[in-house]
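>>> Sequence and computational prediction follow.
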Amino acid sequence: MLPDKEDGDGSGGAGGQIMSPKGEDPSVSLFREYLRLRTVHPEPDYDGALRFLDRIAVELGLPIKKIEVCPGKVVTILTWQGTNPNLKSVLLNSHTDVVPVFQEHWIHDAFSAFKDAEGNIYGRGSQDMKCVTIQYIQAVRRLKAEGQKFLRTLHLTFVPDEEVGGEKGMETFVKHPEFQKLNIGFALDEGLANPGNAFTVFYGERNVWWITIRCPGSPGHGSRFVENTAAEKLRRIINSFLDFREKEKHRLNTSQCFTLGDVATVNLTMVKGGVAYNVIPAEMDASFDLRIPPTVNLQEFEKMIQGWCKEAGDDVTYDFAQKHMNQNMTSTQESDPWWNAFSQTCKEMDMTLQKEIFPAATDSRFIRAVGIPAIGFSPMNHTPILLHDHNEYLNERVFLKGIDVYNKLIPALANRVS
Ligand SMILES: [Zn+2]
């Protein structure tokens with residue numbers, strides 16, 4: 001890691017009060033300040049994030065509500081009431097937590113928000129998704145300063161624990177009475193960067209299945225040809241899953257219109273069993289991480305797995321650690337009024353949209369599961385996808401352009417008439 005001395009604008013120092021460096025856009029300074037908050041797992045500084053959001057609420061002049069959905073896990077809500085609060089509201093959602101870092105692989109401290117000469121801002125969360133949080137806030141700040149008023153109520157939610165599955169964050173929050181009260185009609189949540197000129201938007205997610213296949217077998221001495229061993233069954237199971245994996249990989253690589261979200265991925269992630277070199281074990285288990293596109297019939301998919309188990313042996317069984325079954329997708333038909341407002345506004349800004357299924361999981365899946373349309377969108381084009389990676393960064397010009405995007409999108413959505 002470099003000592004970060006070249007960041008001579010006075011804002012790169014760790015700790016203490018952050019001053020806006022000379023000539024830097026205040027939105028960039030706020031973004032960098034937020035990046036320095038260590039909301040990193042396993043012990044995210046959620047208190048720091050709450051203090052930050054308290055201050056933002058005061059600055060924006062918006063009421064703030066905090067809902068402790070689980071012990072120590074607070075969802076913060078800022079609300080800008082519309083002129084017709086009976087209409088369905090618009091939600092701008094972001095998560096406050098970030099994934100851990102391996103500092104030794106970073107060229108700058110992952111929590112210093114170092115900005116290089118090209119304007120690239122390095123920091124964990126610079127893409128996922130502290131950028132979007134500050135873009136929402138700064139767009140709202142600008143719209144308020146312009147004296148704008150909207151028909152529909154706008155809610156900004158800031159949720160914990162997305163990066164550890166959302167169970168103690170959004171998954172619980174969507175079942176909370178305070179969530180119902182928000183009366184949400186449409187939600188924006190995180191997406192991914194796009195290395196090209198287009199902006200990627202996500203209208204659905206793959207379903208996560210975590211499965212363990214249990215292969216019992218006859219035990220015995222390691223010197224003999226014991227029949228019906230656990231290892232033989234395990235081998236058949238692994239072959240079935242990994243043959244399917246190859247087929248899906250081939251499908252992805254041979255179709256130009258497919259992205260990762262359009263095929264199933266299968267990965268063998270854990271193998272367990274055995275006690276000693278000379279003892280044939282009574283059971284061996286294999287665990288797989290499966291991600292299944294929302295267009296796949298999940299009942300048929302499970303039948304396929306049952307078939308593989310039966311082929312491996314009559315006593316082979318399986319159980320799920322995770323089995324997500326909701327396949328709600330958000331309409332991207334031009335006849336859909338929410339999508340129409342979103343896509344037309346992007347068109348007016350000459351933005352090209354690339355519609356995709358999100359390859360991994362975000363909090364959008366919980367929002368869609370309760371029947372609310374949600375679009376995953378982080379306005380970052382000409383940017384390599386670096387979420388969860390070393391040296392995650394975002395260029396300040398791309399970041400600032402994103403505020404302009406929300407500055408147009410928010411009124412289009414919040415003023416939608418019917
Ligand atoms: Zn994220």
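Sure, I can see it. Numbers count the residues shown, from 1 in each chain.

>>> What parts of this structure come near the ion?
128-129, 190 (C-beta under 5 Å from the ion). The C-beta positions use only the backbone N, C-alpha and C, and glycine is treated the same way.

>>> so which of those would you say is closest to A117?
Distance from A117 was checked for each of the residues of the chain next to the ion by C-beta to C-beta. The minimum falls on D128, at 24.1 Å.

>>> can you list the weak-confidence ranges in the chain?
1-20 (pLDDT under 70).

>>> Go ahead and flag the most central residue of it.
Closest residue to the average C-alpha location of the chain: T362 at 3.5 Å, with C-alpha atoms, centre = their mean.

>>> so how far is D336 from whichever residue of the stretch 151-300 of the chain sits closest to the ion?
In the stretch 151-300 of the chain, no residue comes nearer to the ion than E190, which is 4.7 Å away by C-beta to the ion. Here the distance between E190 and D336 works out to 21 Å (C-beta to C-beta, to the nearest Å).

>>> which one of these two has more residues nearby?
Set side by side, E190 and D336 give different neighbour counts by other C-beta atoms under 10 Å, the larger being at E190 (23 against 15).

>>> Would you confirm that that one contacts M129?
Yes: the pair E190 and M129 passes the contact test of C-beta atoms under 8 Å, sitting 4.3 Å apart.

>>> where do the contact lists of the two overlap?
Between them, E190 and M129 share the neighbouring residues 94-95, 378, with contact defined by C-beta atoms under 8 Å, 6 or more residues apart in numbering.

>>> I121: which of those residues is nearest?
Within the shared contacts of E190 and M129, distances to I121 taken as C-beta to C-beta reach their minimum at S378, with 14.6 Å.

>>> residues near that closest one, how many?
For S378, the number of neighbouring residues by other C-beta under 10 Å comes to 26.

>>> Contact partners for it?
Under the criterion of C-beta under 8 Å, 6+ apart, the neighbours of S378 are 127-129, 131-132, 190-193, 402.

>>> export the residues you listed to CSV and tack on secondary structure?
Putting those into CSV (DSSP: H, G, I helix; E, B strand; the rest coil) gives the following:
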residue, secondary structure
Q127, coil
D128, coil
M129, coil
C131, helix
V132, helix
E190, coil
G191, coil
L192, coil
A193, coil
G402, helix
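
>>> so where do the strands sit in the stretch 151-300 of the chain?
Along the stretch 151-300 of the chain, the stretches classed as strands by DSSP state E, counting those that start in this stretch are 154-159, 184-189, 199-205, 207-216, 220-221, 265-273, 279-280, 283-292.

>>> what's the domain layout of the chain?
When the chain is parsed with automatic domain parsing, its domains come out as 26-205+329-414, 207-293+295-323.

>>> So for the first one, first residue to last residue, what's the gap.
So that's domain 26-205+329-414. Separation of the first and last residues of domain 26-205+329-414 by C-alpha to C-alpha, to the nearest Å is 26 Å.

>>> Pretty sure D189 sits against T133.
No: the pair D189 and T133 does not pass the contact test of C-beta under 8 Å, sitting 11.3 Å apart.

>>> Of those two, which one has the most company?
More neighbours surround D189 than the other of D189 and T133, with 29 against 25 (other C-beta under 10 Å).

>>> Residues that sit against both of D189 and T133, list them.
S94.

>>> and the closest residue to G169 other than its chain neighbours, how many residues sit next to it?
Using C-beta to C-beta, 6 or more residues apart in numbering and skipping residues adjacent in sequence, the residue nearest G169 is D161, 3.8 Å away. D161 sits with 25 neighbouring residues when counted by other C-beta under 10 Å.

>>> And the one 5 residues further on, by the same measure?
Applying other C-beta under 10 Å, we find 23 other residues in the vicinity of G166.

>>> Please apply the same query to T76.
T76 has 22 neighbours, counted by other C-beta under 10 Å.

>>> Okay, now the sheet partners of the helix or strand hosting it, with direction.
Under the criterion of DSSP states H and E, T76 resides in strand 73-80. Each strand that pairs with strand 73-80, with its direction, by DSSP bridges: strand 64-70 (antiparallel), strand 154-159 (antiparallel).

>>> all helices of the stretch 1-150 of the chain, in order?
Residue ranges of the helices in the stretch 1-150 of the chain, as given by DSSP state H, counting those that start in this stretch, are 26-35, 46-60, 130-145.

>>> which one of the shared contacts of E190 and M129 sits closest to the ion?
Compare each of the shared contacts of E190 and M129 with the ion using C-beta to the ion and the shortest gap goes to H95, at 5.6 Å.

>>> Would you confirm that that closest one contacts T157?
No: H95 sits out of contact with T157 when judged by C-beta under 8 Å, with a separation of 9.3 Å.

>>> Give me the three-state assignment for the residue nearest to the centre of the chain.
Counting by three-state DSSP, the three-state call for T362 is coil.

>>> Tell me who's in contact with it.
Each residue near T362 by C-beta under 8 Å, 6+ apart is listed here: 162, 189-190, 202, 205, 376.

>>> again with I238
Residues in contact with I238, defined by C-beta under 8 Å, 6+ apart, are 268, 286.

>>> Quick check, the residue in this structure closest to the ion?
Taking C-beta to the ion as the measure, the point where the chain comes nearest the ion is D128, at 4.1 Å.

>>> Counting neighbours, what do you get for the residue lying closest to that residue once chain neighbours are set aside?
Nearest in space to D128, with sequence neighbours left out and distances taken as C-beta to C-beta, 6+ apart, is L387 at 3.8 Å. Summarising burial for L387: neighbours were counted as other C-beta under 10 Å, giving 19.

>>> What about L387? Give its phi and psi, please.
Note on L387: backbone dihedrals following degrees, to the nearest 10 are phi -60, psi 140.

>>> Verify the contact between it and S126 for me.
No: using C-beta under 8 Å, L387 and S126 do not qualify as a contacting pair, with a distance of 9.4 Å.

>>> longest helix in the chain, by residue count?
Residue-count comparison of every helix in the chain, with assignments taken from DSSP state H, identifies helix 230-254 as the longest.

>>> Farthest-apart pair in the contacts of T362, please.
By the measure C-beta to C-beta, E162 and F202 form the most distant pair in the contacts of T362, at 14.5 Å.
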